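>>> need the 3D shape of this:
(chains A and B, ligands or ions: 2)
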Amino acid sequence: MEYKNYMKLEFESKSQNEAFARVVVAAFASQLDPTIEEITDVKTAVSEAVTNAIIHGYEKATGMVRVICTIRDNELEVIIEDDGQGIVDVEKAMEPLYTSKPELERSGMGFTVMETFMDKVDVYSEAGKGTRIKMVKKFNSLNRSKDVK
Amino acid sequence: MLLNYEVLDNKLVVKLEGELDHHVSEEIRQELDELIEKKRCKLLIFDLSGLHFMDSSGIGVIMGRYKSISKNGGKVCVIKVSDKIDKIFNLSGLYRIVDKHENLKDALDSM
Ligand SMILES: Nc1ncnc2c1ncn2[C@@H]1O[C@H](COP(=O)(O)OP(=O)(O)OP(=O)(O)O)[C@@H](O)[C@H]1O
Ligand SMILES: [Mg+2]
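Ligands and ions are numbered 1, 2, ... in the order given. Predicted structure coming up:
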């Protein structure tokens, strides 16, 4: 039978919460017996998406950011949502080195990092409504320990 | 996030320890700019051995310092880069403008 688990976290769009969010997701994922490398991948991707929600989604305003995690067997799905300004051209936004905020010394690599460190990244966004990033990571650790037995 | 520095024969060596994300990047950026201004060094070496976590905010911090230092004919390099951070630097093309060295000696020798 499929193993399933679920959690939802909601917090204000303050930069202090970037570290909080990635640590919570890492702690939730620890039941999948991940390697340090896998955990770092997830933490980095979560940090990127949460930071984007805060600096691009809400800019100077304060709103709520939601992080929703689902475990299905050895897979972790992480959804990061904001109700901010949304992205007009998602394809362009996802191009490496594209940033709408070069004056803030952003490098335009956030989406590229998410796509490199996770197995799947989907972006849903509507201008004026908000953005939802859905990422999936497969953990191989559980298989590994089964092999040993 | 901790920032320690020393000046070794006119080269500024900055050691970053902890986690470098968007939240701490603003403060780190300010500290670095003050140091660069005060020490008037043309060569900046980032020792990343103590950097346990970095996201794309770190690229912005290093590229930004490169921009100001290179205007005055200076150079920036990074040493003791972990595999994860190395991957992020590679993705961003940072190594086209910033050199990577194994350790401080190699970096000092190359400059
Ligand atoms: N949640 C969001 N809401 C609105 N716009 C977004 C959101 N996330 C990303 N964007 C847009 O997509 C662009 C690219 O995002 P990406 O994370 O790749 O780069 P960046 O945030 O600009 O720079 P970096 O992540 O390297 O610091 C952003 O500049 C912004 O215009
Ligand atoms: Mg980003």
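>>> residue contacts, the closest residue to ligand 2 within chain B?
As assessed by Cβ to the ion, ligand 2 sits closest to B:Ser56 within chain B, at 5.7 Å. The C-beta positions use only the backbone N, C-alpha and C, and glycine is treated the same way. Counting by Cβ atoms under 8 Å, 6 or more residues apart in numbering or on different chains, B:Ser56 makes contact with A:Glu48, A:Arg106, A:Ser107, A:Met109, A:Gly110, A:Val113, B:Ile88, B:Ser92.
>>> the longest helix along chain B near ligand 2 anywhere?
Taking DSSP state H as the criterion, chain B has its longest helix at helix B:22-39. No - if you take Cβ under 5 Å from the ion as the test, helix B:22-39 misses ligand 2, and the best it gets is 8.1 Å.
>>> near ligand 1, anything from the next helix-or-strand element following that helix?
As assigned by DSSP states H and E, the chain's next helix or strand after helix B:22-39 is strand B:43-54. No - residues of strand B:43-54 are not located near ligand 1 by Cβ under 6 Å from any ligand atom, the shortest gap being 11.4 Å.
>>> buried ones in strand B:43-54, by neighbour count?
B:Leu43, B:Leu44, B:Ile45, B:Phe46, B:Asp47, B:Leu48, B:Leu51, B:Phe53, B:Met54 (16 or more other Cβ atoms under 10 Å in any protein chain shown).
>>> check which helices and strands the helix or strand in which A:Val123 is found sits against.
Under the criterion of DSSP H and E, A:Val123 resides in strand A:120-126. Applying 3 or more Cβ pairs under 8 Å, 6 or more residues apart in numbering or on different chains; DSSP states H and E, we find strand A:120-126 packed against helix A:90-93, helix A:110-117, strand A:130-138.
>>> could I get those as a markdown table with mean neighbour count and distance to ligand 2?
Output for the helices and strands packed on strand A:120-126, formatted as a markdown table (neighbours: other Cβ atoms under 10 Å in any protein chain shown; distance: least, Cβ to the ion, whole Å):
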| stretch | mean neighbour count | distance to ligand 2 |
| --- | --- | --- |
| helix A:90-93 | 13 | 9 |
| helix A:110-117 | 23 | 3 |
| strand A:130-138 | 20 | 11 |
